[in-house]
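Undergrad: I would like to see how this sequence folds:
(one chain, ligands or ions: 2)
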Amino acid sequence: MAPNRKTLPQHKGTSLPDIHTLSHGQLVAFMEELHQPKFRASQIEEWVWGKNAHTFDEMSNLPKSLRDLLSQHLTIGTPKELARQISLDGSRKYLLQFTDGVSAECVGMPTKNRLTVCASTQAGCGMGCTFCATGKAGLARSLTASEIYEQVRHIGDDFHTRVTSVVLMGQGEPFMNYDETLKALRLLNSDKGVGIGARHLTVSTCGIIPGIKKFANEKEQFGLAVSLHSANQATRNKLMPGVRKYSLLYLYDVMGEYVDKTGRRPTYEYALIHGVNDTDTELDALCDFCRGTLAHVNLIQLNEVPGSPFTPSTEERANQFVQRLGSVGVAATIRNPRGADIDAACGQLSQAYTKC
Ligand code: SAH
Ligand code: SF4
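TA: Numbers count the residues shown, from 1 in each chain. Ligands and ions are numbered 1, 2, ... in the order given. The predicted structure is shown next:
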């Protein structure tokens with residue numbers, strides 16, 4: 001066992017800290033302690049974040065003695081792929097397991113010249129939305145920034161191509177894991193990491209108001225989607241009991257502030273559920289909620305979840321929603337579910353957290 005190093009976080013027992021958990025400052029201090037030049041920290045970061053190194057040994061521009069020291073004092077955890085499924089549309093869903101045995105799903109969705117990743121911010125979710133498979137399973141734990149980041153790297157490596165955009169629409173509620181989510185977005189955005197433009201990094205929230213307020217003040221141009229699913233308070237309370245305490249009126253005001261502050265167009269996600277949130281009254285309420293705002297409405301026919309009483313609205317009804325919203329000046333589109341045949345579409349990610 002190597003002697004403790006005072007600049008590294010101390011762990012209980014014999015477990016070593018993972019290099020992904022060190023801040024830049026910690027890594028620089030550690031290099032100083034090892035009497036290494038400062039630039040070694042940047043070289044190591046380039047391997048860890050830029051090249052997705054899986055071992056210290058492959059860091060070929062570091063002296064062997066330093067690589068040995070690194071492996072004596074740190075680990076370099078990478079997720080293990082437990083399972084994968086490939087959709088007819090080319091999407092791939094992965095179940096990745098992290099070092100403590102917790103696992104979460106992520107999806108790679110290729111289109112011509114583009115690769116979009118849908119990543120999870122938590123293993124499972126504690127918000128309990130009644131139409132969502134992830135919500136039914138409950139929360140195992142939040143993921144670290146590095147675990148969120150690694151999903152994207154894993155998928156980029158698997159497709160042998162650059163990831164062009166990331167949506168945090170997998171398992172979990174990003175704003176119940178705000179700090180790690182932001183850290184992950186910054187790593188993805190940074191030139192040291194994947195270098196994805198902020199406008200191509202989108203967070204989806206079920207409407208955690210303190211998170212939206214904070215997000216509005218972040219300096220980067222990250223995108224925001226809010227899962228609305230009903231502009232009628234009673235219906236929304238039933239569908240999304242976890243956000244009952246944040247009323248629609250409050251959400252409306254805060255989204256107005258978000259637009260004023262950022263000038264960015266938010267998206268409202270709306271999964272159309274037959275007879276529940278697709279009635280004329282619901283459509284009127286949705287038009288009232290969105291009219292005169294910058295918001296774009298993303299309609300999706302509900303993805304069916306086993307054991308759920310809900311069924312999707314018809315395509316015809318979805319088109320009527322688009323037209324009616326358009327007639328009051330609200331841009332709306334229907335989103336095609338990707339990977340629905342492998343349960344990789346929104347709300348179908350549920351194989352959350354087998355603890356081995
Ligand atoms: N927790 C965040 C992000 C993850 S859920 C959120 O709720 O926004 C990703 C998206 O899938 C959300 O818009 C969510 O409402 C939607 N979704 C969940 N279950 C769904 C289902 N069965 N059919 C269609 N969309 C669903
Ligand atoms: Fe959680 Fe989002 Fe599913 Fe609601 S819709 S349970 S917030 S993952």
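
Undergrad: and the gap between residue 190 and residue 92?
TA: From residue 190 across to residue 92, the span is 25 Å (Cβ to Cβ, to the nearest Å). For every residue, glycine as well, the C-beta is placed using N, CA and C.

Undergrad: more neighbours: which of the two?
TA: Here residue 190 and residue 92 are compared on neighbour count by other Cβ atoms under 10 Å; more neighbours surround residue 92, at 19 against 14.

Undergrad: the more buried one and residue 158 touch, don't they?
TA: Yes - A contact is recorded between residue 92 and residue 158 when judged using Cβ atoms under 8 Å, the distance being 6.9 Å.

Undergrad: hey, what's in contact with both of those two?
TA: residue 108 (Cβ atoms under 8 Å, 6 or more residues apart in numbering).

Undergrad: so what are the domain limits for this structure?
TA: In the domain annotation for the chain, the residue ranges read 19-73, 80-355 (automatic domain parsing).

Undergrad: which stretches of the chain have low pLDDT?
TA: Counting by pLDDT under 70, the chain shows low-confidence ranges at 1-4, 10-14, 344-356.

Undergrad: residue contacts, residue 240?
TA: Contacts were defined as Cβ under 8 Å, 6+ apart; by that measure residue 240 touches 127, 129-130, 206-207, 227, 229.

Undergrad: which two of these have the greatest separation?
TA: By the measure Cβ to Cβ, these have their two most distant members at 130 and 207, which lie 14.9 Å apart.

Undergrad: these two: who's more crowded?
TA: Legend: neighbour count by other Cβ under 10 Å for residue 130 and residue 207, higher for residue 207 (25 against 17).

Undergrad: roughly how far apart are residue 180 and residue 216?
TA: Remark: distance between residue 180 and residue 216 (Cβ to Cβ) = 19 Å.

Undergrad: tell me which element residue 305 is part of?
TA: Assigned by DSSP states H and E, residue 305 belongs to no helix or strand.

Undergrad: what sits closest to the residue in the stretch 1-150 of the chain positioned nearest to ligand 2 if chain neighbours are left out?
TA: With distances taken as Cβ to the nearest ligand atom, the stretch 1-150 of the chain approaches ligand 2 most closely at residue 135, which sits 2.6 Å away. Counting by Cβ to Cβ, 6 or more residues apart in numbering, residue 135 lies nearest to residue 129, which is 4.3 Å off, once chain neighbours are set aside.

Undergrad: residues from the stretch 101-250 of the chain in reach of ligand 2?
TA: Taking Cβ under 6 Å from any ligand atom, the part of the stretch 101-250 of the chain that reaches ligand 2 is made up of 125, 127-129, 132, 134-135, 172-173, 206, 227.

Undergrad: inside helices: which ones of those?
TA: Among those, the residues falling in helices (DSSP state H) are 134-135.

Undergrad: next, format the residues of the stretch 101-250 of the chain next to ligand 2 as JSON lines and append distance to ligand 1 and neighbour count.
TA: Below are these laid out as JSON lines (distance: Cβ to the nearest ligand atom, whole Å; neighbours: other Cβ atoms under 10 Å):
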{"residue": "125", "distance to ligand 1": "6", "neighbour count": "28"}
{"residue": "127", "distance to ligand 1": "6", "neighbour count": "22"}
{"residue": "128", "distance to ligand 1": "11", "neighbour count": "16"}
{"residue": "129", "distance to ligand 1": "6", "neighbour count": "21"}
{"residue": "132", "distance to ligand 1": "3", "neighbour count": "27"}
{"residue": "134", "distance to ligand 1": "7", "neighbour count": "30"}
{"residue": "135", "distance to ligand 1": "7", "neighbour count": "25"}
{"residue": "172", "distance to ligand 1": "6", "neighbour count": "30"}
{"residue": "173", "distance to ligand 1": "4", "neighbour count": "28"}
{"residue": "206", "distance to ligand 1": "4", "neighbour count": "25"}
{"residue": "227", "distance to ligand 1": "4", "neighbour count": "25"}
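
Undergrad: do a quick rundown of the helices in the stretch 1-150 of the chain.
TA: Across the stretch 1-150 of the chain, reading from the start of the chain, the helices by DSSP state H, counting those that start in this stretch fall at 24-33, 39-45, 64-73, 133-137, 145-159.

Undergrad: pick the most deeply packed of the domains of the chain.
TA: Mean neighbours per residue, mean count of other Cβ atoms under 10 Å, is largest over those for domain 80-355, with a mean of 19.
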